[in-house]
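> Here is my input; please provide its structure:
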Amino acid sequence: MKEHGRKKTLLIIDDDVIYAEAVKDFLDKEPLDVFMSFTAKEGLSVCASQTIDVVLLDQQLPDAEGHTLCHELLKYNEQTKIIFATAYPSFENAVIAIKQGAYDYLSKPFELEALRLAVEQALRTLELERFEQLQDYRRTRESEETNFIGGVGLTEIMKMKDLAAASDSPVLITGETGTGKTMLAKTIHYLSARNKAPFICINCAALPESLIEAELFGYEKGAFTGAAVARKGIFEMADGGTLLLDEIGEIPSHVQAKLLSVIDDKLVRKIGGSSARYVNVRVIAATGSDLSMTIGKTFRRDLFYRLSVIQIHLPPLRERRNDIPALCNYLLGTLNGNKEKALHRDEYERLMSYDWPGNVRELKNILERAVMLQRGSDLKPSQLLEQAIYRPRLIEEKSNNPQAILPLGEVEARHIRYTLEQLDNNYTRSAKALGISLSTLKRKVKNKLS
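Numbering: from 1, shown residues only. Next up, the predicted model:
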């Protein structure tokens, strides 16, 4: 009966002191915090001071009718489960209580075991409701985060996205780093019939070659040195949902054959295992490289064709500059608590003139830093492009004046100095704005600025 480290709470509101204390003694054996109030006023005061999960409410109180109190109690926490307990049971009272928001109705005298069951059921219902709310919140957040990848320059891609969401076939998403491959995969998952099941992403390039097979398919105890206990693989964890294999081109050739078999047969055999387990997983693969150039060399031809039943290519931001104003407005909205925030027309033009080698990810980073560094003034993210390593004229300088290109260390030092100046030498805020730890910032200042 705990939730995020907090014990569940129950409040008894009843003017019968002996009854209330008996119920408290009985329920105190459960992992519950039990409170007592003997008037409606006292009960409301308790609910105002802390979160109450369940209220055991008497119908007849010295200062109020129980059923008239329901609405007031629920003002403090609309999820509170109210269990009516009365010595004057009637169908009319029960109907009124339920209409006012009561969860359950008990007639005095009742068996304490019946009370225990009613409380347990109320807490279980509350837990399920909160879980569903959390899932809805997560799905909403995921949907919000993926909306920005769609713009006027991606009309055909949005059609392919809808096609992929309506299908269960493997998808191959290609595109440069930062174009939104992971976000597109999430969008496909949350628009599909699998949206209530897990979405799991694994970066194949981040795993050592010796471990990737064990991570994907799992292993039995004693399968190899260090396998002290059996462990599920990523495929089993994603059962019923979607698995994104990012940087699929980095999978070793000896694992590719087993991966193809799992996609085709939907059977996973752990390393060291003697039997296979059925898994129902939709596979989406993503890569920033051109897999077609590696077919027959480092990447299996049959696996490539199996993964690319539906193929979607995300173009770099420099090839869809007209999307930048809409992307800016959306991203600024998410950074400002969904409050509309538009840039000046000149700013849009400057941002559209930049090549954005980091694509949408870089645009989001620049806007987030602008919001942090330029508080209280009109946002001018283009200034950050010119002040830091993001300089639109870098290529021109290279061709016309090689001496104009600063060493990378000097560029970093200047940007750190600029950030500290903008944030009044506040190291904590500066580290957050730069996306590094406080200790890393202090070390860089000592090494580069001293």
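> okay, CA-based contacts and neighbour counts for the rest of this
OK.
> and the residue lying closest to residue 28 once chain neighbours are set aside, how many neighbours?
Among residues not flanking residue 28 along the chain, residue 34 sits closest, at 6.5 Å (CA to CA, 6 or more residues apart in numbering). Neighbourhood size, residue 34 [other CA atoms under 10 Å]: 19.
> next SSE after the helix or strand encompassing residue 34?
Using DSSP states H and E, the element containing residue 34 is strand 32-37. The first helix or strand that comes after strand 32-37 along the chain, using DSSP H and E, is helix 40-49.
> Show me what that following helix is packed up against.
Of the remaining helices and strands, those touching helix 40-49 by 3 or more CA pairs under 8 Å, 6 or more residues apart in numbering; DSSP states H and E are strand 6-13, strand 32-37, helix 66-76.
> so can I have CSV of the ones you listed showing mean pLDDT and distance to residue 433?
Below are these laid out as CSV (pLDDT from 0 to 100; distance: least, CA to CA, whole Å):
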stretch, mean pLDDT, distance to residue 433
strand 6-13, 85, 34
strand 32-37, 88, 42
helix 66-76, 79, 38
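> can you redo those as JSON lines with distance to residue 155?
JSON lines is the format used below for these (distance: least, CA to CA, whole Å):
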{"stretch": "strand 6-13", "distance to residue 155": "48"}
{"stretch": "strand 32-37", "distance to residue 155": "55"}
{"stretch": "helix 66-76", "distance to residue 155": "46"}
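> For residue 385, find the nearest of those.
With respect to residue 385, and counting by CA to CA, the nearest of the helices and strands packed on helix 40-49 is strand 6-13 at 46.5 Å.
> The closest one: what's the following helix or strand?
Next in sequence after strand 6-13, counting helices and strands by DSSP H and E, comes helix 17-27.
> what's the spacing between that next one and its chain's center?
43 Å (CA atoms, centre = their mean, to the nearest Å).
> How about stretch 102-115?
Put simply, stretch 102-115 sits 40 Å off its chain's centre (CA atoms, centre = their mean).
> what residue ranges in the stretch 1-150 of the chain score low on pLDDT?
Residue ranges of the stretch 1-150 of the chain with pLDDT under 70: 1-6, 29-30, 88-95, 97, 131-150.
> I'd say residue 233 and residue 214 touch.
Yes: applying CA atoms under 8 Å, one finds residue 233 in contact with residue 214, separated by 6.6 Å.
> joint contacts of those two?
Residues touching both residue 233 and residue 214 by CA atoms under 8 Å, 6 or more residues apart in numbering: residue 270.
> Show the residue spans covered by the strands in the stretch 101-250 of the chain.
104-107, 171-175, 199-203, 242-246 (DSSP state E, counting those that start in this stretch).
> list the contacts for residue 343?
The contact partners of residue 343, by CA under 8 Å, 6+ apart, come to 329, 378-380.
> Same question for residue 317.
For residue 317, the contact set (CA under 8 Å, 6+ apart) comprises 179, 324, 355-356, 359-360.
> How many residues are close by residue 215?
For residue 215, using other CA under 10 Å, the count is 18.
> Quick check: phi and psi at the closest residue to it other than its chain neighbours.
In this structure, residue 215 finds its nearest non-sequential neighbour in residue 233, 5.2 Å apart by CA to CA, 6+ apart. Dihedral pair for residue 233: phi -90, psi 170, per degrees, to the nearest 10.
> Can you verify my assumption that residue 186 contacts residue 201?
No: taking contacts as CA under 8 Å, residue 186 lies outside contact range of residue 201: 9.3 Å.
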